[in-house]
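Trainee: generate a structure from the sequence data that follows.
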Amino acid sequence: MGRDDSKGAVLARTGHVWSEIYDALTNGIKTAIYLHEVAEWDFRDDKHLYQHMIRRKAVEAFKSLAPEGDTASDQSDATDLPMSGLILVLEQDIVRIWHIATADVPKPTTPAKLEFVDQPASGQASLFDPHEFLGRLRRRKPEHNHLILRWTVKDHAIERYELIRPAGTWKGRVAIDWREDLLSRFRQPPGKPEHGS
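Mentor: So this is what the prediction gives:
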């Protein structure tokens, strides 16, 4: 029997990871707040730098989550901002951790990201969806299950924290196999970092 990529199966085998990533991102927010205060900068003047500081702090925590230190920033997009996305490689799943402020997950614009989202549905999609039916015929199951952890920070708080399993693209957007809103499990105010964090 092959790997089960249904929502229930994925959440069961990866459940321990999401709270640790959430903690890493909230600690990154604390660090970004602290560094902006020290420099006397307004974080709203350069949101890319602010988000980069969050990611930079978080990536240190990710090293303990992946087997054999198999974690990396997204090196496939040299023309984009550094660390515009983070990648976490687990035993059966690869997670791209993307800060996405838009309502929909935008269609990836690089070959590596397009290949990442191009995987067959886990079996929950409707057979009456012609796009998904044709997609199943042409796509083979990748070695790892591909997931997107979509997060959005606003006013020093994570306002979106959602796990998405992509299944190709459709009309300029990522087709969603299934999604799970994780935010209610971990919501807590960021506060200030301890000295030296």
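
Trainee: separation between Asn27 and Ala61?
Mentor: Distance, Asn27 to Ala61, using CB to CB, to the nearest Å: 7 Å. C-beta: built from backbone N, CA, C; applies to glycine.

Trainee: between these two, tell me which one has more neighbours.
Mentor: Neighbours were counted for Asn27 and for Ala61 using other CB atoms under 10 Å; Asn27 has more, 19 against 16.

Trainee: quick check, pLDDT for the more buried one.
Mentor: Per-residue pLDDT puts Asn27 at 93.

Trainee: flag every buried residue along the lengthiest helix in the chain.
Mentor: Across the chain, the longest stretch assigned as helix under DSSP state H is helix 7-39. If you call a residue buried by 16 or more other CB atoms under 10 Å, then helix 7-39 has these buried ones: 7, 10, 13-14, 17-18, 21-22, 24-36.

Trainee: angle of the helix or strand following that helix against helix 7-39?
Mentor: Heading C-terminal from helix 7-39, the first helix or strand you meet, by DSSP states H and E, is helix 47-62. Note on geometry: by axes from the mean of the first three to the mean of the last three CA atoms, to 10 degrees, helix 47-62 and helix 7-39 are set 120 degrees apart in direction.

Trainee: alpha carbons only: can I get helix 47-62 in CSV?
Mentor: Provided in CSV are the C-alpha atoms of helix 47-62 (Å, rounded to 0.1, in the frame of the first residue of the first chain):
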residue,chain,number,x,y,z
LYS,A,47,8.2,44.9,5.5
HIS,A,48,10.5,42.7,3.5
LEU,A,49,13.3,43.2,6.0
TYR,A,50,10.9,42.7,8.9
GLN,A,51,9.7,39.4,7.4
HIS,A,52,13.3,38.4,6.6
MET,A,53,14.3,38.8,10.2
ILE,A,54,11.4,36.6,11.3
ARG,A,55,12.5,33.9,8.8
ARG,A,56,16.1,34.2,9.8
LYS,A,57,15.3,33.5,13.4
ALA,A,58,12.9,30.7,12.6
VAL,A,59,15.3,28.9,10.3
GLU,A,60,17.6,28.2,13.3
ALA,A,61,14.7,26.4,15.1
PHE,A,62,13.9,24.4,11.9
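
Trainee: average model confidence for it?
Mentor: 86.

Trainee: distance from it to the middle of the chain?
Mentor: 13 Å (CA atoms, centre = their mean, to the nearest Å).

Trainee: counting by contacts, list what that helix packs against.
Mentor: On a contact count with 3 or more CB pairs under 8 Å, 6 or more residues apart in numbering; DSSP states H and E, helix 47-62 meets helix 7-39, strand 71-73, strand 85-89, strand 93-99.

Trainee: from Thr102, how far out is the nearest residue to Ile54 once chain neighbours are set aside?
Mentor: Leaving aside its sequence neighbours, Ile54 sits nearest to Gly28 (CB to CB, 6 or more residues apart in numbering; 3.5 Å). Gly28 sits 21 Å away from Thr102, going by CB to CB.

Trainee: packing partners for the helix or strand encompassing Ala167?
Mentor: Ala167 is part of strand 157-170 when elements are defined by DSSP H and E. For strand 157-170, the packing partners by 3+ CB pairs under 8 Å, 6+ apart come out as helix 7-39, helix 111-117, helix 130-138, strand 145-154, strand 173-181, helix 183-186.
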